[in-house]
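Participant: Sequence first, then the predicted structure:
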Amino acid sequence: MNEVESRNVESPKMHDFASIMRTGEPPGLAPSGSRLNLKPEDVKNGLGQLVLTLVKLLHELLERQAIRRIESGSLSDEQIERLGITLMRQAQEIDRLRKAFGLEEGDLNLDLGPVGKLF
């Protein structure tokens, strides 16, 4: 296939995509004329939930890594103490932010597929 032929290939799927991009509606449906009504506080809470979920995931990973390092004996007693205090304060701050956004503990849980739930 030469360059001219490859540019002229049409696909019904591409036509549907172009239609959706022009009107915002799938083909065959009349445009509704309505717009998506987003409330700023909903967007803020959704973003807060996303960020806190990622922070919670990182916190869980840090805790698991800390446990592995403690069990391997590679940390001194002082390092273990500092690590424990740091992780505890981090967990408290995550919990404080979760409450500030009006989220439940389960709202920050992730389904990690074959690995299972985050917590």
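Facilitator: Structure's in. What do you need? Because the structure is predicted, anything quoted here is derived from the model rather than measured.
Participant: Following element in sequence after the lengthiest helix in the chain, please.
Facilitator: Counting by DSSP state H, the longest helix found in the chain is helix 40-72. Toward the C-terminus, helix 40-72 is succeeded by helix 77-100 as the next helix or strand (DSSP states H and E).
Participant: any weak-confidence spans in the chain?
Facilitator: 1-44, 112, 115, 118-119 (pLDDT under 70).
Participant: the domain parsing of it - what is it?
Facilitator: By the record's domain assignment, the chain is partitioned as 1-32, 39-115 (automatic domain parsing).
Participant: Find the residue closest to residue 83 in space, skipping its chain neighbours.
Facilitator: Leaving aside its sequence neighbours, residue 83 sits nearest to residue 66 (Cβ to Cβ, 6 or more residues apart in numbering; 5.2 Å). All C-beta atoms are positioned from the backbone trio N, CA, C, and that covers glycine.
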